[in-house]
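> build me a structure from this.
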Amino acid sequence: MGQGGKESRAGFPLRNKQKEKLVLSKSGLKISISSLFFFITTVILAILLWTSNRTSEKERGYNSSTVMNRITYMQELALVQHNYTGVISYRDSRKFLNINVPLTDKYFLLKYNGYIKAGVDFSQIKVNVVNPTDVHVSIPKPRILDTVVDENSIEVFNESQDHRGAGYSESELNN
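Numbering: from 1, shown residues only. Sure thing, here's the model as predicted:
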């Protein structure tokens, strides 16, 4: 018996009721009830998360209905595409009493590429069946369907700084 403590009939020391109760396994290893509860809860949560992850991976797959839901009908017929190159110039200077202050000019050129698509909107097409051998199709006038500027093609030509930077792209000038 150890230092004035009480022992149970089996010879194990008794603990105070306020202290944690101990569970004794056959191998003599002492495990607290709160540690055992925490371990079991963690294992159960891990199993639940693992099984829910497996089911969500299966749901992410594509089938014909999900592919059809992602297809959008444009109802457009592009007839012409025109590629172009544009140049924009910008000039500014500081003013004092509405007079340009010398040596404060800012000037640059911006060059870019893009394209314009023109065509017919299918939703405006009208079909009229006159008889089994005659069909009249009414097509609207073509219109501009899309205008796009290629952002990767933009080049800045800096003219206000003694032609330094001429021919460099915007990203090269910023570095």
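> switch to C-alpha atoms for all contacts and neighbour counts from now on
OK.
> name the SS class of H136, please.
Secondary structure assignment for H136 (DSSP: H, G, I helix; E, B strand; the rest coil): strand.
> residues touching it, list them.
The contact partners of H136, by C-alpha atoms under 8 Å, 6 or more residues apart in numbering, come to V127, N128, V129, V130.
> want to throw the residues you listed into JSON lines with neighbour count, secondary structure and pLDDT?
Below are the contacts of H136 laid out as JSON lines (neighbours: other C-alpha atoms under 10 Å; DSSP: H, G, I helix; E, B strand; the rest coil; pLDDT from 0 to 100):
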{"residue": "V127", "neighbour count": "11", "secondary structure": "strand", "pLDDT": "89"}
{"residue": "N128", "neighbour count": "10", "secondary structure": "strand", "pLDDT": "89"}
{"residue": "V129", "neighbour count": "10", "secondary structure": "strand", "pLDDT": "89"}
{"residue": "V130", "neighbour count": "9", "secondary structure": "strand", "pLDDT": "88"}
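> quick one: which of these is nearest to M74?
V127 (18.6 Å; C-alpha to C-alpha).
> you'd agree that closest one is up against V135?
Yes - here V127 reaches V135: they are 7.1 Å apart, a contact under C-alpha atoms under 8 Å.
> surely A46 forms part of a strand?
No - going by three-state DSSP, the assignment for A46 is helix, not a strand.
> neighbours around it, how many?
12 (other C-alpha atoms under 10 Å).
> check the one 5 residues further on too.
A total of 11 residues lie near T51 under the criterion other C-alpha under 10 Å.
> quick check: which element contains S52?
helix 33-59 (DSSP states H and E).
> and the spatially closest residue to V130 that is not a sequence neighbour, how far from N128?
Spatial nearest neighbour of V130, excluding adjacent residues (C-alpha to C-alpha, 6 or more residues apart in numbering): H136 at 7.1 Å. Using C-alpha to C-alpha, to the nearest Å, H136 is found at 5 Å from N128.
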